[in-house]
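[1] Following is a predicted model, sequence given first.
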Amino acid sequence: MTTSLPFGFETIWHWLLAYGLALSRPTAMLAVNPVFTRAKISGVIRGAVATALAVPMVPVIAATLPDTGVGMVGLLLLAGKEALIGGALGLLLGAPFWALDIAGDVLDAQRGATQGRLNDPAGFGDVSISGTMLVVAGIALFVATGGLITLARLLYDSWAVWRPLGSFPELDARTPGLLLGLLDSVTRQGLLLAVPPVIAMLVADAALMLVARIAPQLRIDDLALSLRNIVFFLILPPYILFLVTYIRHDLAGLPELFDLLRQTAPATAPGVAP
């Protein structure tokens, strides 16, 4: 006499498919997020975080996933769609940190430290010293001010708007403008973040030029580089306080950006991809 197992192979496979679909979106989101790439967080830890974010959605997907399956092509389309949405969320969350990176490049160019470069842990090339310092400080502030909670909330809100088993979100005419506006916002914020130290260094250069008019025997070419770096390190502590305000402001604006993205890419009717 044979006895059937309470959970057969089909049931296990059904739940594994649900787990894989639930894991696609958070994995792609964390793979492009500087909080996890620039901080040298290994793939195992990122996978554990992605699994923790995906586990609550596994029963929901398993309940709506057809028992007969959706076919190999359908699974690939669903996984690709989930990865694209997760990557878009990762880009949205990473915009403030890339703005900090741009600000660091501008500051290093102003103080004459462009030859000192560091290797990017994510493997995308070299990065500036000031940019790395600002990004690491931004990551610390992001985590300390509840950024991980915001990250999880945006992920679960995206699941509520764009169903895991639904078709790809429809895009309208405003979507390209929104994406280009995001790039423009990153560049503009990076330049604005670099303004306070740059102004301080320009004031120091102007003061040094006045000194040179009074004492022409001084070699201001030799003093200018050292003076800029001294001013940069003196203004750094109050500048960190300015960064705290910047990170908090961007955290508060992320839900508004998500609402705008939801309006420009409305969710389609729930269903299963062919």
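    Yep, it's here. In this text the structure is predicted, and so the values were computed from the model without any measurement.
[2] ok, the residue lying closest to Ile61 once chain neighbours are set aside - how many residues close by?
    Closest residue to Ile61 apart from its sequence neighbours, by C-beta to C-beta, 6 or more residues apart in numbering: Ala18 at 4.1 Å. For glycine as for every other residue, the C-beta is placed from the backbone atoms N, C-alpha and C. Neighbours of Ala18 under the rule other C-beta atoms under 10 Å: 22.
[3] and what of Leu180?
    Counted with other C-beta under 10 Å, residues neighbouring Leu180 total 10.
[4] check which helix or strand covers it.
    helix 174-214 (DSSP states H and E).
[5] Residues contacting stretch 52-68, please?
    By C-beta atoms under 8 Å, 6 or more residues apart in numbering, the residues outside stretch 52-68 that reach it are 10, 14-15, 17-19, 21-23, 25-26, 152, 155-156, 159, 164-165, 270, 272.
[6] which among these end up buried?
    Among these, those scoring as buried are 14-15, 17-19, 21-23, 25-26, 155, 159, 164-165, 272 (criterion: 16 or more other C-beta atoms under 10 Å).
[7] Which of these fall in helices?
    Cross-referencing the buried ones among the contacts of stretch 52-68 against helices under DSSP state H gives His14, Trp15, Leu17, Ala18, Tyr19, Leu21, Ala22, Leu23, Arg25, Pro26, Leu155, Trp159.
[8] ok, the first one to Ala137 distance?
    His14 is 46 Å from Ala137, where distance means C-beta to C-beta, to the nearest Å.
[9] For the stretch 1-150 of the chain, which segments are assigned as helices?
    9-31, 34-37, 43-54, 58-64, 71-110, 129-144, 147-161 (DSSP state H, counting those that start in this stretch).
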